[in-house]
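Q: What follows is a predicted protein model with its sequence.
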Amino acid sequence: MAESMDTSEVLPDEDDRKLFVGGLPQDAKQDDISAHFQTFGEIDNINLKTDPATGRSRGFAFVVFKTVDGLKDAVATEEHAVKGKKVAVKKAQAKQGKIYVGKLKAELSDEEIKSHFAQFGQIAQVEQPFDKTKNERKNFCFITFEKEDSAKQLLKAGTTTVNGVELEVKKVTPKPDPRAMGMMGMRGGGRGGFGGG
C-alpha cells in the first residue's frame, strides 16, 4: 500500500523547482552534477544538455529538485563548483505560453482584457496591434503568460468571455525563419570544410 502512495505524491510546479546550471566542465556527467547539488535537497531529475551532432556537453544543465526549498538553498549559495570548476547557478526561466485572442470588440478596454486574462495566471506581455489607417485597435491581440500552463488552460476551452463578449483563443505557432535556417546550414558546412585541413 505504502508504495502506491509514493507515485501519487503531488510535487510543486516543476518550474518552481528547476535550477539552471551554466559553465559546466566539458567532461561533467550527470553523476557529477548530482553529487554536488544533492547536498541542497533531493533531486527529481537532471537534464544535461548535449549537442545532438557530437554528443558533447553544451556546458549547461537543468536540475529539478523535489522541493522548492532545495532550489532556494542552491540559489542562496554563492559559490558552486562541479569537478573543481566554478559554475553559474540561477533559477531556470519558466517556459512561457503565448495565445492569440480574436473577436475583440472596440468597447473592451485594454485594462479589461488584461485583468480578465490575469485570472488565469501571471501575464508577461500583452501585444495589442493597432490599425494606423483606421486609428483604432485591431480586433485581436496576443497574450504571453509567464507559465505555459496558463495558456494551455485557455486553449483547452477555446473561447473565453469578457464582459459578455465571447473571444476566441488560439495557439500561436512561431514561424521558423527560412533564411535563418539556411544560413545556419551553410555556416556549419563551411566550418566543417576549414576544419578538414
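A: It's in.

Q: okay, which residue is most central for the chain?
A: The residue lying closest to the centre of the chain (Cα atoms, centre = their mean) is Lys95, at 1.6 Å.

Q: That one touches Glu148, doesn't it?
A: Yes: using Cβ atoms under 8 Å, Lys95 is in contact with Glu148, at 4.7 Å. Backbone N, C-alpha and C define where each C-beta goes, glycine included.

Q: hang on, the earlier thing: look at the residue nearest to the centre of the chain and give its secondary structure.
A: Three-state call for Lys95 (DSSP: H, G, I helix; E, B strand; the rest coil): coil.

Q: Also Leu71?
A: Per three-state DSSP, Leu71 ends up helix.

Q: list the contacts for it?
A: Asp16, Arg17, Lys18, Leu19, Phe40, Gly41, Phe65, Lys91 (Cβ atoms under 8 Å, 6 or more residues apart in numbering).

Q: what do you get if the cut-off is 10 Å, keeping everything else the same?
A: Contacts for Leu71 (Cβ atoms under 10 Å, 6 or more residues apart in numbering) come out as 12, 16-19, 37, 40-41, 63-65, 89, 91-92.

Q: Buried ones among these?
A: Among the contacts of Leu71, those buried by neighbour count (16 or more other Cβ atoms under 10 Å) are Asp16, Arg17, Lys18, Leu19, Phe37, Phe40, Gly41, Val63, Val64, Phe65, Val89, Ala92.

Q: Just give me the neighbour total for Ala81.
A: Ala81 is flanked by 10 other residues according to other Cβ atoms under 10 Å.

Q: Any figure for the gap between Ile33 and Ala94?
A: 21 Å (Cβ to Cβ, to the nearest Å).

Q: ok, back up a step: hey, what's in contact with both of Lys95 and Glu148?
A: Asp15.

Q: Could you pull out the helices in this protein for me?
A: Using DSSP state H, the helices of the chain run over residues 2-7, 30-37, 68-76, 110-118, 148-157, 178-195.

Q: Much appreciated, bye for now.
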